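K.L.:
model the structure of this input:
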Amino acid sequence: MMGTSSVKRQRAVAIFAVTRAARDVAESLKNFLHDSKIGDYEVKIYHPADDGLQISAEPALGKNFAESMRQAFARGEIIVAICSTGIVIRALAPLLSDKMTEPPVLVIAQAGEGGASVIPLLGGHHGGNQFAHEIAAILGGRAVISNASGQSADEYSRPSLENPPPGWHLAAYDAPGTRIMLKKIYRQLAEGESPVFYHQVGGENGKNVAWLEKLGAQPTPNPDQAAIAIVTTVSPDPSPAKIRLYPPRLVLGVGASRGADGKKLIAWCERVLDEHQIAPAALVALASIDLKSDEAALHQLAAHYALPLRFFTAAQLLPETPFLTEPSDAVFQAVGCYGVAEAAALAACRDAVTGEAQGHLVIPKQKSPDATLAVAIAPHDLRAAAIGQGRGSLTVVGIGPGAAEYRSLAANQAIAQADQIVGYGLYLDLIADLVRPWQKRVGFPLGAERARVEYAVSQAALGQNIALVSSGDAGIYALASLACEFLAESRDPAHRRLEFSVIPGISAMQSLAAKLGGAIGHDFAAISLSDLLTPWPVIAQRLHHAAAGDFVIALYNPRSERRDWQLAAALDIIRPFRPATTPVAIGQNLGRSDENCAVTDLAGLQHNQARIDMMTVIIIGNISSRQFRLGDRKYMFTPRGYEVTNSKTGEKK
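P.N.:
Now for the predicted structure:
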């Protein structure tokens, strides 16, 4: 019997990175694709090294870089090459023979002014174009698509057997027999001499198969006549002469006790699905009650089957009570509905528009010591995004000083994955190149930090993925601490179940120090001169101790129209501990078109206070800091230590 313990078919992706910089991009892509919602990918990274080819977490498959690319291509893996197109063309040209069965091949051109360009060289019509757009979104770049004459992008990337519509899966894609059958079917469709039939096994009479008929396939009630079988179960004797397609019509409903063992839950689910011959590739989602949205075992199970995890409230599950095999008063007392596993699976199969009950159970409730499961089937294709709601996540994203080249890949990825992007309007303008038409942009005025956080948390609690954008580093005078404070003090249980993370960014202090040399080469202190949240006596005390301790001092929020005296007061505190010649770095509008950076000294800063504003960051050196000139530009640096003289030899060290 063909076992069902394997997850849905993964697409193998081979990323070839020639340079060290390309390798960093490859690692980021790998991490994103493993965690992404856009597909189920198994990623390997290949890169040359002094001792020959290195393959991340994999044994070497070839001693030569080009030969390894050819081997991956021959295995049907998606090729993503971060190198010149010439390397790829010379490597793969001898293998090209049949565009219908060859895997997609993409080349990533390193970032220029418009960001990275992703070029699908091969396989655009069966996944390459779509994958190029997805990678471009990750990298904040663009997909460069070249179509055959007279074809629109939609026509060129229309569904095919090896790249079916979202949710559909082709069984045993990488098996030699499957690829031979694909080739045979495509030739038969192209020649048109004899029809290609498909058959829906099990009398499901499922809808949403028009895409097959557009390819030229015709329905038949005779399974022996069909070259294509649409199934949701595995067969004890799958015919090697048939292509097997799994439609997205099954939902796995699961309930679990708090703290359930994830490994045991996975093993038990595998046994149950295997006993009932359920094909995991036909599963659309794992569904449960929202009270379990932070249950680790459920997330482990969903990850094992590469399924999105969707949730319903108890009120949404109550209408399924008449269809439950064993309604339970005890469950109602505990969670507010009469069953979880069956109810969640059935609720997921309701018509997304009318709410009409349409599904039925193919596996009634099964019980283990700490979990229950059930499987329901819908008569139509299901979209996971239309089922209940997700867990909801809040990601506080530091976007750096402003320019796109200073944003991290992790920041780009977090924004690309968001349903809503929330922030101060100016900060949202700085990332306008990343915002996609389907994403909601929610801008707030300056000073409305708490309102931003409250809105972001409330939307995440509704199952949305929220990117809360902050300039610089999200954890330095920014929104990460405010978001943590709000979550820590919230009494709303839904807030406690959110997925929460913070993406760091380059702070204004770091950016200024780097642009003008190495100002922060030794111990330093960052101090905000704004007394809106911190009393001035506390700020003054911190300034005194930082100056007395000879710290390099970075000053944030130094001066505004209404707060025009704090900078002068701060300099009065610092001057007794620093000579007037102490180097000072000043940066205004860092990372933006009107950026202005300069090195002066403490005396120069004293005389130019009127030019300082809230968009300015100041770095005041310690007693060892020095400035120097290269060409027509001044730089400053702070040595990593102090000169110490050996008392016996008199030598400096």
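K.L.:
from now on I want contacts and neighbour counts done on CA atoms only, so please keep to that.
P.N.:
Noted.
K.L.:
distance of residue 638 from residue 481?
P.N.:
Distance from residue 638 to residue 481, counting by CA to CA, to the nearest Å: 30 Å.
K.L.:
between those two, which is the more surrounded one?
P.N.:
Set residue 638 next to residue 481 and count neighbours by other CA atoms under 10 Å: residue 638 wins out with 22 against 15.
K.L.:
per-residue confidence for the more buried one?
P.N.:
pLDDT, residue 638: 95.
K.L.:
just residue 235 next, same as before
P.N.:
58.
K.L.:
what's the answer for residue 10, then?
P.N.:
Residue 10 is given a pLDDT of 53.
K.L.:
now swap in residue 356 and tell me
P.N.:
On the pLDDT scale, residue 356 gets 88.
K.L.:
next: residue 486.
P.N.:
On the pLDDT scale, residue 486 is placed at 96.
K.L.:
against residue 469, how distant is it?
P.N.:
16 Å.
K.L.:
likewise residue 421?
P.N.:
Where residue 469 is concerned, residue 421 sits at a distance of 7 Å (CA to CA).
K.L.:
out of these two, which sits in the more crowded spot?
P.N.:
residue 469 (29 against 25).
K.L.:
so the more buried one is in which element?
P.N.:
Secondary structure from DSSP states H and E places residue 469 in strand 465-470.
K.L.:
which stretches in the stretch 451-600 of the chain count as helices?
P.N.:
Secondary structure of the stretch 451-600 of the chain by DSSP state H, counting those that start in this stretch: the helices cover 479-489, 493-496, 508-515, 536-548, 566-574.
K.L.:
oh sorry, the question was meant for the stretch 1-150 of the chain
P.N.:
20-35, 65-74, 85-92, 128-139.
K.L.:
so for the residue lying closest to residue 133 once chain neighbours are set aside, what's the pLDDT?
P.N.:
Among residues not flanking residue 133 along the chain, residue 143 sits closest, at 5.2 Å (CA to CA, 6 or more residues apart in numbering). Here the pLDDT value assigned to residue 143 is 84.
K.L.:
can you check residue 391 too?
P.N.:
Looking at residue 391, the pLDDT reads 92.
K.L.:
pLDDT-wise, which helix or strand of this structure ranks last?
P.N.:
Counting by mean pLDDT, DSSP states H and E, the chain has its least confident helix or strand at helix 153-156, which shows a mean of 44.
K.L.:
what's the following helix or strand after that helix?
P.N.:
strand 169-170.
K.L.:
elements contacting that following strand?
P.N.:
Packing contacts for strand 169-170, counted by 3 or more CA pairs under 8 Å, 6 or more residues apart in numbering; DSSP states H and E, involve strand 243-246.
K.L.:
got a list of what residue 98 touches?
P.N.:
By CA atoms under 8 Å, 6 or more residues apart in numbering, the contact list for residue 98 is empty.
K.L.:
hmm, 10 Å instead?
P.N.:
Residue 98 is in contact with residue 183, counting by CA atoms under 10 Å, 6 or more residues apart in numbering.
K.L.:
distance check, it against residue 579.
P.N.:
Distance from residue 98 to residue 579, by CA to CA: 75 Å.
K.L.:
can you check residue 369 too?
P.N.:
From residue 369 to residue 579 the distance is 74 Å (CA to CA).
K.L.:
again, but for residue 611
P.N.:
22 Å.
K.L.:
one step back: and the helices of the stretch 451-600 of the chain: which comes nearest residue 23?
P.N.:
helix 508-515 (23.9 Å; CA to CA).
K.L.:
now what about the closest one, what contacts it?
P.N.:
400-402, 406, 471-473, 476, 507, 518-521, 526, 553-556, 585-591, 596-598, 615-619, 635-637.
K.L.:
just confirm residue 361 is within a helix.
P.N.:
No - according to DSSP: H, G, I helix; E, B strand; the rest coil, residue 361 belongs to no helix; its state is strand.
K.L.:
list the contacts of residue 350.
P.N.:
356-360, 378-380, 382, 387.
K.L.:
just the buried ones from these?
P.N.:
Buried members of those, counted by 16 or more other CA atoms under 10 Å: 357-360, 378-380, 382, 387.
K.L.:
show me where the stretch 301-450 of the chain has its helices.
P.N.:
For the stretch 301-450 of the chain, applying DSSP H, counting those that start in this stretch gives helices covering 314-317, 329-335, 341-348, 409-416, 425-430, 449-460.
K.L.:
name the residues of the last one that come out as buried.
P.N.:
Neighbour-count burial for helix 449-460 flags 449, 452-453, 456-460 (criterion: 16+ other CA under 10 Å).
K.L.:
got it, and stretch 534-552?
P.N.:
Residues 539-540, 543-544, 546-547, 550-552 are the ones in stretch 534-552 that count as buried (16+ other CA under 10 Å).
K.L.:
where does the stretch 501-650 of the chain have low pLDDT?
P.N.:
643-650 (pLDDT under 70).
K.L.:
go again using 90 as the cut-off
P.N.:
Scanning the stretch 501-650 of the chain for pLDDT under 90 picks out the ranges 532-533, 559-564, 589-595, 606-611, 613-615, 632, 640-650.
K.L.:
flag every buried residue along stretch 327-345.
P.N.:
Within stretch 327-345, the residues scored as buried using 16+ other CA under 10 Å are 327, 336-345.
K.L.:
farthest-separated two in the residues you listed?
P.N.:
336 and 345 (16.8 Å).
K.L.:
okay, residue 381: pLDDT?
P.N.:
At residue 381, the model reports a pLDDT of 89.
K.L.:
give the burial count for it, as a bare number.
P.N.:
A count of neighbours around residue 381, defined by other CA under 10 Å, yields 20.
K.L.:
and for residue 194?
P.N.:
Residue 194, neighbours per other CA under 10 Å, totals 9.
K.L.:
quick check, it in a strand?
P.N.:
No - applying three-state DSSP, one finds residue 194 to be coil, outside a strand.
K.L.:
just give the nearest non-adjacent residue to residue 159, would you?
P.N.:
residue 165 (5.6 Å).
K.L.:
how close does the one you found get to residue 133?
P.N.:
16 Å.
K.L.:
now for residue 301: which residues touch it?
P.N.:
254, 262-267, 269, 286, 307, 309.
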